[in-house]
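*Asks:* Predicted coordinates and the sequence they were generated for:
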Amino acid sequence: MTVNLTLLVIMGVLFSVGVYLLLERSLTRVLLGIMLLTNGANLLILHTSGAPGIAPLYDAARDPSEYSDPLPQALVLTSIVISLATTAFILSMIWRSWILARRDEIQDDLQDRRVAQQSSYDAEDDDALPQDTSEFNHADARFAPSRHNEEEAAESPGHYRAEKFSEARGRSPHDH
Amino acid sequence: MIAVLLVHGLAALCAPAILKRTGRSGFYLVALVPLASLIWLITQTSRAHADVDGWTTTVEWIPQLGISLSFRMDSLAYMMCLLVLGVGALVLAYCARYFKPDAQGIGPFAAQLVAFAGAMFGLVTADDLMVLFVFWEITSVLSFLLISYSRTKLAARRAALQALIITTAGGLAMLVGLVMLGNAAGTFRISGVLEAAPELLGSTMVDVALVLILAGAVSKSALFPTHFWLPAAMAAPTPVSAYLHAAAMVKAGIYLVARLAPGFVDTQWWLPVTLTLGLGTMIFGGWVALRQFDLKLILAYGTVSQLGFITAVVAFGTADTAMAGMGMVIAHGLFKATLFLSVGIIDHQAGTRDIRRLSGVGRTAPMLFVVAMIGAASMAGIPPLLGFVTKEAVLTAFVDHASDPLAMIALVCVVLGSILTFAYSARFLWGGFARKPAQFSDLDAAEDGQSVIGEFTPVPWAFLVAPAVLALLTVVFGLWPAPVEAGIVRYQEQFPDVAESHVHLVLWHGLTPALGLSALIIGVGALLYVARRPVGSFQDRLPKLPTGDFVYRKIINVLDMVAVWLTGRTQRGSLMFYLSVILVTAIVVPLVALFWYETPPLAGFRYADSPAQLVTGIAMIVAALLVLTAGKRFLAVLLVSVTGYGLALTFALHGAPDLALTQTLVETISLVAFVLALRSLPGPLWNRRPAGHRVFRAVFAVVFGLFMMALAVFSISSRSAERISLELPRMAYEMGDGANVVNVLLVDIRAWDTMGEITVLTVAATGIASLIFVKGRGDRLRSERHELDTQQLKVVRGADSAAHSPHANTRQLEVARRFTSRPDADPFLLAGRTLAPERRSIIFEVVARLLFHTFMLVSFYLLIAGHNIPGGGFAGGLMASLALTLRYLAGGRYELERATPVNAGWMLGAGLAIASLYAIVPVFFGGAVMESYTFEWDMLVFGHVKFVTAVIFDIGVYLIVVGLVLDILRSLGGRIDERIERSAVESRKKRAGRGARIRLTRNGPEVTAHRVDDPDAPEGSLVSGDEPQEAQR
């Protein structure tokens, strides 16, 4: 199959300009770049259908090779309508970004930067562990001091004693 | 066996509900489940020991992979089950007194514990490698949950996670090993693998598989170098430590070694790995245990040591060591559980496990002391306890093989380790129960130089039952070890050298070398205990190696840092960076593929297909290049549309009328959308990138363009076959009943494509509406749309006027406004009068009046006729959209509301529903999804009529396209109008009311205030009385 230089060059220019605009910060220009890229891609698909022919409307008398190739056309048709949806979607994004921040520029994602700079220290993993030699030692923050009574001492003497011990050392058992 | 598993599962499900009603005593109920299972198992003893293979139950699971739920109760499994169920029942019963009556979360705890018993039962009875692995992982997860029982404690959470990570990492290696082993053996049945074992020996694959499996066993049984999770896991409640981390779960690794030892002891790496790690861990664990002050940690390191010991013995792989090793497993399960449960009681009654704060417990709780002493003595290997009997057997087994250098080394290590075991057992007893010198203890000194006796509440008998039963068993089986031996004999028969075996579990062997070694162990061990202070200071003087936990955290920290570093390098947050990476990949990969494999020859070139194409092309190229220099937003957009319209022309020249039509309509509508959306943004386009970036981008862009051209040239040149669509026109006509091949392709041949596309359109439309309206789709505007009365019209128009000419208030406008407010003037474009007169466009109004209906008719025609002529749902829908756009431009958003009978959301939904129904209905009539049918009949006037059902699909497409454009107009048009108007009205109000809102009038001492801008506001006195000065201010 021969290559059509005109279509080839148009496509190349559309792609180049499209990529150039795509790498900009201005959202509007990015959108323009995407529109140009779409046009370039559609042209490429059309190019694959080879030489032009008559419109693919069936006529029993004709040889099938006289029609221009209908398959790329169906693909391009789908792409055209999707591109309308994409364009409109990005437009509303631009508008929203303008309303929120008064700029139509692509910002670097600060969250990503923060992730890149975060420390590997994690309290859950790396915090110092207190030495703990009883399970009955302020295990449960929900206990209220008023429960320190005879009944408690009988039911769970270990807990009672562990608390008395830490009280003796001058700290409340309910601190963590 | 499956019934036992089910009962445990059921008990786990019910346990939270039971404990909610009964409180902690519910543990007794739950304990009945393993107890009943244990009793059932004991009644089946003869069946399990009837022959070597025991008995089997199998249920098909995944026959395609050769995996079945198959369980085997042979003598090894039987012994393990006795341990698991017996200790499980006792520990559950013990929990009923261990927890506080109002402890939180004991329901789930009980469920996890009983589920663990079931999982462990499944693990040791599983006869399928994969089923075994599943139970193996279940026990890891349950261990994680049980360790982290105290959710509020950092130590518990961290230990749980650490244990999980290490055991599952080992489990992962084991899974690979199991798969390799199963594939090599050709079966996943464990019995089958063991039968095939003799043929598998010598294969490197099997050697590697066994090393991987051992990695799993080592991590599960806490052997060096993964031993450190076990002491950390002591953050779990003590019953969990007793059950999982002493008697049951950590034995899983030993069980696996015991299971595979008969077949695979001769593989290349088996003995080096198990003996090195096992014996090394034994000595290391014992040495470290001597330095601990927490009773639980003494036991934990003791367990690590014992697990290493048992692993080495069991893995040694002779019938003698099998007998001795399995005896050790039972003995260890009994005495270690006893000791842990005793420690739990001490902690519960005294509030500490620190030996420096315990003193004289032996005197205040003599029963507990006796129980713990039996356990510790059994651990130390003192007659007549089971620990002594089995250790004696181990020594005999090694002494008898002393000609083998490996056995000799093992014997030396075992003796060394046992001496340490004796020493730390003594330290445990002394630390837990004795009175200690005052300088050692944290407690106050008494008169005799010893510390005072610590406070200790007497132990209720119900609390002591579980450890006492275990201690009793230790004594009974020590005096009468025959039942234990009888249980192991059948397992011993799996080893080839069973005929030469002569090790028996008996209390008195006579005066043998083993007895001499036992005496040596006790003697040196006692010496080590007596000299504990010099030994301790010697230990302190040794250089300290980093602990396993420290190394583990370092490794995790390095992982963290690598993760942060890698994320930081790749996820920089710069869109340009991401795009560049994508584009470079897009260039490099296809080019490499193109030139690496095969570079197709280039075909011929042609300049252009027609002069018109060339001219169009030049215009498109010029427009595209001018976009780069355009400084104004709308100029740039217009230039881009030039390329779009040029493309439409190219389509037309190429014989693609459908494309030309659609492209033109789409280009027009997107131009309108562009202008509508960006009208509030400033005109100029800023370019703040530095020049260096610009050069980089230019080079990048040109390279990418050239790359695309090269790709196009090569792919088009390399085509040598005829196109596949040659048959399509005929098929489209004869089978799809449509002459327009492109349309038949869209709605019939490639209908799934279109289905996907309209879904995307719906999503995009919804996205647009949500981005603009934020709260929902904004469809409720509809209720406000109908007939505005004159007053409302005035208000709306005033707002519009404020928005578009805030300062104009000329006489001409006054006149124009008077004329336009006649309500009966014109029924069509009525709502157009909501626009300010100065904004109304005569041209749009005239065009809308002339063309709206025509456009709509054409759009219907395109829709219906599209199957045979250029058109179809897309073109028709776009045509209707264009008509609506005209209506909006002429009459504003109220006019648009009036023009659409249903709102956009409904339209999109209806479109999708119609398309989906069209797709699915043929199935009910025996057709394929999306099959199209043709109906033909004769009708009066119309003559012969042919109806192709694909039109229904096209109607769905039509509705969705209209819905999409309606959403664009409503959002980017109407909603933004409204916003602009509102802000204009507000700023006008602000200007009018500035500085003159309240007027103060003074009348003597009284000051009254009037709202100047709102005469209806009640007049009132601001301040009355004595402070006129303040009011004035």
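*Replies:* Arrived safely.

*Asks:* Could you pull out the buried residues of stretch B:753-767?
*Replies:* For stretch B:753-767, a neighbour-count test (16 or more other CB atoms under 10 Å in any protein chain shown) marks B:754, B:755, B:757, B:758, B:761, B:762, B:764, B:765, B:766, B:767 as buried. For the C-beta atoms, the positions are set from N, CA and C on the backbone; glycine is no exception.

*Asks:* and it, is it in reach of chain A?
*Replies:* Yes. Against chain A, stretch B:753-767 shows contacts by CB under 8 Å from any CB of the partner chain at B:753, B:754, B:757, B:760, B:761, B:764, B:765, B:767.

*Asks:* quick one: the strands in the chain?
*Replies:* Looking at chain A here, since you left the chain open. A:3-4 (DSSP state E).

*Asks:* Please refer instead to chain B.
*Replies:* Going by DSSP E, chain B shows strands at B:55-62, B:67-73, B:605-606, B:934-939, B:943-948, B:998-1003, B:1006-1011, B:1020-1023.

*Asks:* Pull the distance from the shortest one to the chain's centre.
*Replies:* Yep, that's strand B:605-606 we're talking about. Centroid separation between strand B:605-606 and its chain, computed with CA atoms, centre = their mean, to the nearest Å, is 55 Å.

*Asks:* What is that strand packed up against?
*Replies:* Here strand B:605-606 touches strand A:3-4, going by 3 or more CB pairs under 8 Å, 6 or more residues apart in numbering or on different chains; DSSP states H and E.

*Asks:* The strand it packs on pairs with which strands, parallel or anti?
*Replies:* Strand A:3-4 pairs in its sheet with strand B:605-606 (parallel), by DSSP bridges.

*Asks:* Minimum distance to chain A, which residue of the stretch 1-150 of chain B gives it?
*Replies:* residue B:100 (4.6 Å; CB to the nearest CB).

*Asks:* and what of the stretch 851-1000 of chain B?
*Replies:* residue B:968 (4.7 Å).

*Asks:* That residue and residue B:673 touch, don't they?
*Replies:* Yes. With contact defined as CB atoms under 8 Å, residue B:968 reaches residue B:673; the gap is 5.0 Å.

*Asks:* neighbour count winner among those two?
*Replies:* residue B:968 (32 against 23; other CB atoms under 10 Å in any protein chain shown).

*Asks:* where does the more buried one sit relative to residue B:697, distance-wise?
*Replies:* 31 Å (CB to CB, to the nearest Å).

*Asks:* do the same with residue B:303
*Replies:* From residue B:303 over to residue B:697 (counting by CB to CB), the distance is 65 Å.

*Asks:* The two - which one has more neighbours?
*Replies:* Neighbour tally, residue B:303 and residue B:697, criterion other CB under 10 Å: the higher count belongs to residue B:303, 28 against 19.

*Asks:* Can you find the helix or strand of chain A with the lowest average pLDDT?
*Replies:* helix A:150-155 (a mean of 55; mean pLDDT, DSSP states H and E).

*Asks:* CA atoms only for stretch B:945-959, dumped as CSV, please.
*Replies:* What follows is stretch B:945-959, C-alpha atoms only, in CSV (Å, rounded to 0.1, in the frame of the first residue of the first chain):
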residue,chain,number,x,y,z
VAL,B,945,-42.1,-1.1,4.5
LYS,B,946,-38.9,-2.6,5.9
PHE,B,947,-38.0,-2.2,9.6
VAL,B,948,-34.6,-3.2,10.9
THR,B,949,-34.5,-3.5,14.7
ALA,B,950,-31.0,-2.0,14.8
VAL,B,951,-32.8,1.4,14.5
ILE,B,952,-33.9,0.9,18.1
PHE,B,953,-30.3,0.8,19.2
ASP,B,954,-29.7,3.9,17.1
ILE,B,955,-32.5,5.6,19.0
GLY,B,956,-30.7,4.9,22.2
VAL,B,957,-27.5,6.4,20.8
TYR,B,958,-29.5,9.4,19.6
LEU,B,959,-30.9,10.1,23.0
